[in-house]
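Asker: 3D, please:
(chains A and B)
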Amino acid sequence: MLAKTILIRLLSTAVTLFGVAVVVFTLIRVAPGNPISMMLPPGATQEDIANLNALYGFDKSLPEQFVIWLGGVLHGDFGTSITLRRPVSELVLGRLPATLELSVMALTIAVALGGFVAVIGARKRGTATEVGLDLTSGAVLSIPDFLWGLVFVLLFGVLWPILSISGRIDPRIDFDFTTNFYLIEGVLRGRFDVVGSTLSHMLMPAMSLALPLAAMIAQLLKQNLKEVLVQDYTTLARVRGFSETSVILREALRNAALPTIALIGVQFTFLIGGTVIVERLFAYEGLGNMAIDAVINRDLPLVQGIVLLFAALFTVINLLVDLSYTFLNPRLRNG
Amino acid sequence: MADVLTKPFRRRATPMNLRLWLPLVWIAVVAAAALFAPFIAPHDPLAQDLMLERLPPAFMDGSEPGHWLGTDSLGRDVLSRMIYGARIALFVSLIAATATCIFGSTLGLIAGFYGGWPDRIISRLVDIWMAFPPVLFAVLLVAVMGTGLGSVIAAIALIDWTRFARVIRAETMVQARMDYVDSARIGGARRAATLVSEILPNVLPSIIALLMLEMGIAVIVEAILSFVNLSISSDDPTWGSMIAEGRGSIHFAWWVLLFPLITLFLTVLSFSTLGEGLKQHFDPVHK
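Answerer: The predicted structure follows:
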């Protein structure tokens, strides 16, 4: 039964991804402006134009172009970037680690901060503190990451300039990276200057992405904790002499966490989507920043590659969330 | 008798009223600024004066009388640009949110009420749409359609309809199973007529609440697109282009970023508080 569920979800994911490919391809081909003309030096002959068109496959019919492109994609060939003149797959995979590190960092902050506030709120339930936390999280979650980013730029970039407001790492740092996971590699190789500089560049964008999600987690988890805290087994734990805080941490949290885990799963893709503008705001060298440049420069193969990678990332995360939810919730296991 | 009927009602309504009133007051202020911009704004929002560049706001040393919130790096008055910016922000949010609402709600109603193939197609489209990072999608659409306010509005509607479609589809499915729908059908009403005259009024509160939320989102999307220079021309006074300009000259003139940011912040917060407030106001469980 479970295998059948997984198979159906996998097929559905494939159909969605195919749809994404069709939408991206169509959008880009109807875009005005000929990218070829931008690549040619002044005084290029008609023959040069025809050659380049043939090279990039623009001389064929649209369905033909789509089939050729999709065939390439399925073999891992995403074409060549028009502006950067390097394989799209190489460029995109080179930037992916930066975006992944940022997203995971943001997710970690959101879970830690949201969880902390939820526990405090549940501990202080019925008091003014709870009302205050509710109002704050309500306001925090309605402000999107872009505005938080700007607030942080003003606070920690100008008013109290302790963090770096642009880039991914201090360019003066001399370090020969073997991967593009700067933070992880810095930690593994014990280079604390690298770790410090990466964190100082990553903290503000990560916080901007994390805040709205943290507020959502705080609200939902607190609500579920309060529901669990009136049940018999938590009363029993209190009778056995556990303090309220340890009742929450030891007994209630485990049973109240499931809806929050589902929420985090769903919201994680939204968070990754937010990296596009937040990376732009902080000039952070990730996928999203590259994507906006690619759109502005009409670098069609690069745009296609990045959008497709994002879409694949989103659908795979959603698939994993669905499956893990089925796995974690015994009631859904036979569904 | 009348007293008995109104009293408890009034008491319950009080805290909700404050949550609806505060945002309404702010939105009214922004709307007034937008409507009467030519009469309120102390300066021409486009007038450059390189002799008066990066003047600080009135409460700081070195300010110039008449430029209450200072000037930007081209010597343009920040307050006047913000007031004219309210026009573009409210225009976009009103038109884009309404278009998104009509488009998305219609698809949601159809999917939720008819089920079957229409539902399968619409739900699949929603899945595909949700697989795009929205900002990248917006940037891509505007790049395809060409910059300008029309493209910004179209991009918002073409991306965010899923928000309405998902919620309204789910609510319509719940409503469609209710007894009153069956009785309308037994009474001889046609299916389309049932959808419009029976179900639509019952999902309308959710639609209105979502519409408010969407107006806040539209303001942000316009600002984001201005920020990446894809909205209208960067000379025009939009909050987003002011923010972009402020981000660029942040170390010389932080006020160019701060004031539009506060305005944007309050406007988005107002729309979303209003949306949430209305949602709870209409929700019988919360009453």
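
Asker: C-alpha from now on. contacts and neighbour counts both.
Answerer: Fine.

Asker: wait, does the helix or strand hosting residue B:272 contact chain A?
Answerer: In the assignment (DSSP states H and E), residue B:272 maps to helix B:255-282. Yes: looking at helix B:255-282 against chain A by C-alpha under 8 Å from any C-alpha of the partner chain, the contacts come from B:258, B:261, B:265, B:268, B:269, B:272, B:273.

Asker: Show me how far that helix is from its chain's centre.
Answerer: Taking C-alpha atoms, centre = their mean, to the nearest Å, one finds the center of helix B:255-282 at 9 Å from the center of the full chain.

Asker: do stretch B:99-115 as well
Answerer: For stretch B:99-115, the distance from its own C-alpha centre to the chain's C-alpha centre is 19 Å (C-alpha atoms, centre = their mean).

Asker: Pull out the buried positions in the helix holding residue B:272.
Answerer: Of the residues in helix B:255-282, B:255-261, B:263-281 count as buried by neighbour count, 16 or more other C-alpha atoms under 10 Å in any protein chain shown.

Asker: list the helices and strands that helix packs on?
Answerer: Where contact means 3 or more C-alpha pairs under 8 Å, 6 or more residues apart in numbering or on different chains; DSSP states H and E, helix B:255-282 is packed against helix A:128-142, helix A:145-152, helix B:2-35, helix B:200-227, helix B:239-248.

Asker: Quick check: which of those helices is nearest to residue B:41?
Answerer: Taking C-alpha to C-alpha as the criterion, residue B:41 comes closest to helix B:2-35 out of these, the separation being 8.4 Å.

Asker: And the next helix or strand past that closest one?
Answerer: Going down the chain from helix B:2-35, the next helix or strand is helix B:37-40, by DSSP H and E.

Asker: hang on, the earlier thing: could the helices and strands packed on helix B:255-282 go into JSON lines alongside distance to residue B:135?
Answerer: Below are those laid out as JSON lines (distance: least, C-alpha to C-alpha, whole Å):
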{"stretch": "helix A:128-142", "distance to residue B:135": "17"}
{"stretch": "helix A:145-152", "distance to residue B:135": "10"}
{"stretch": "helix B:2-35", "distance to residue B:135": "25"}
{"stretch": "helix B:200-227", "distance to residue B:135": "8"}
{"stretch": "helix B:239-248", "distance to residue B:135": "14"}
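
Asker: Turn those into CSV, including mean pLDDT, mean neighbour count and distance to residue A:316.
Answerer: Listed next are the helices and strands packed on helix B:255-282 as CSV, based on pLDDT from 0 to 100; neighbours: other C-alpha atoms under 10 Å in any protein chain shown; distance: least, C-alpha to C-alpha, whole Å:
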stretch, mean pLDDT, mean neighbour count, distance to residue A:316
helix A:128-142, 91, 17, 26
helix A:145-152, 95, 22, 23
helix B:2-35, 71, 14, 39
helix B:200-227, 92, 23, 27
helix B:239-248, 88, 24, 33
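
Asker: Under the pLDDT cut-off, which ranges of the chain? List them.
Answerer: Using chain A here. Confidence mapping of chain A against pLDDT under 70 gives the ranges A:1, A:31-42, A:56, A:329-335.

Asker: Correction: the question concerned chain B.
Answerer: B:1-16, B:233-234, B:284-287.

Asker: The longest helix along it versus helix B:255-282: what angle between them?
Answerer: Using DSSP state H, we find that the single longest helix of chain B is helix B:78-114. Orientation check (axes from the mean of the first three to the mean of the last three C-alpha atoms, to 10 degrees): helix B:78-114 against helix B:255-282 gives 30 degrees.

Asker: what helices or strands is helix B:78-114 leaning on?
Answerer: With contacts taken as 3+ C-alpha pairs under 8 Å, 6+ apart, helix B:78-114 sits against helix B:2-35, helix B:37-40, helix B:116-130, helix B:149-176, helix B:200-227, helix B:239-248.

Asker: Of those helices, which is nearest chain A?
Answerer: helix B:116-130 (5.2 Å; C-alpha to the nearest C-alpha).

Asker: Tell me if the next helix or strand after that closest one is near chain A.
Answerer: Per DSSP H and E, helix B:116-130 leads on to helix B:134-145 as the next helix or strand towards the C-terminus. Yes: judged by C-alpha under 8 Å from any C-alpha, helix B:134-145 comes into contact with chain A through B:134, B:135, B:136, B:139, B:140, B:141, B:143, B:144, B:145.

Asker: picking that back up, tilt between the helix holding residue B:272 and helix B:200-227?
Answerer: Per the same axes, to 10 degrees, the angle that helix B:255-282 makes with helix B:200-227 is 170 degrees.

Asker: now the angle from helix B:255-282 to helix A:128-142?
Answerer: Using the same axes, to 10 degrees, the direction of helix B:255-282 lies 110 degrees away from that of helix A:128-142.

Asker: Restrict stretch B:68-79 to CA atoms and write it as PDB.
Answerer: Output in PDB follows, covering the C-alpha atoms of stretch B:68-79 (Å, rounded to 0.1, in the frame of the first residue of the first chain):
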ATOM      1  CA  TRP B  68      11.100  67.500   6.100                       C
ATOM      2  CA  LEU B  69      12.500  64.100   5.400                       C
ATOM      3  CA  GLY B  70      15.600  65.100   3.500                       C
ATOM      4  CA  THR B  71      16.600  64.600  -0.100                       C
ATOM      5  CA  ASP B  72      18.100  61.700  -2.100                       C
ATOM      6  CA  SER B  73      21.300  61.600  -4.000                       C
ATOM      7  CA  LEU B  74      19.800  63.600  -6.900                       C
ATOM      8  CA  GLY B  75      18.400  66.200  -4.600                       C
ATOM      9  CA  ARG B  76      14.800  65.000  -4.900                       C
ATOM     10  CA  ASP B  77      12.500  65.600  -1.900                       C
ATOM     11  CA  VAL B  78      12.000  62.300   0.000                       C
ATOM     12  CA  LEU B  79       8.600  63.200   1.500                       C
END
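
Asker: what separates that stretch from the chain centre, distance-wise?
Answerer: Averaging C-alpha positions (C-alpha atoms, centre = their mean) puts stretch B:68-79 26 Å from its chain's average.

Asker: cool, and stretch B:30-38?
Answerer: How far stretch B:30-38 lies from its chain's middle: 17 Å, per C-alpha atoms, centre = their mean.

Asker: And the contacts of it?
Answerer: B:40, B:83, B:84, B:85, B:86, B:87, B:90, B:267 (C-alpha atoms under 8 Å, 6 or more residues apart in numbering or on different chains).

Asker: Surely the fourth one touches residue B:238?
Answerer: Which is residue B:85. Yes: counting by C-alpha atoms under 8 Å, residue B:238 is a contact partner of residue B:85 at 4.3 Å.

Asker: ok, now which ones touch the closest residue in space to residue A:144 that isn't next to it in sequence?
Answerer: Spatial nearest neighbour of residue A:144, excluding adjacent residues (C-alpha to C-alpha, 6 or more residues apart in numbering or on different chains): residue A:212 at 6.7 Å. Residues in contact with residue A:212 (C-alpha under 8 Å, 6+ apart) are A:140, A:141, A:142, A:143, A:144, A:145.

Asker: Show me where the stretch 151-300 of chain A has its helices.
Answerer: A:182-188, A:192-228, A:232-239, A:244-247, A:253-256, A:258-281, A:287-296, A:300-328 (DSSP state H, counting those that start in this stretch).

Asker: JSON lines for those, including distance to residue B:69?
Answerer: Shown next, in JSON lines, are those (distance: least, C-alpha to C-alpha, whole Å):
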{"stretch": "helix A:182-188", "distance to residue B:69": "41"}
{"stretch": "helix A:192-228", "distance to residue B:69": "26"}
{"stretch": "helix A:232-239", "distance to residue B:69": "56"}
{"stretch": "helix A:244-247", "distance to residue B:69": "49"}
{"stretch": "helix A:253-256", "distance to residue B:69": "49"}
{"stretch": "helix A:258-281", "distance to residue B:69": "24"}
{"stretch": "helix A:287-296", "distance to residue B:69": "32"}
{"stretch": "helix A:300-328", "distance to residue B:69": "40"}
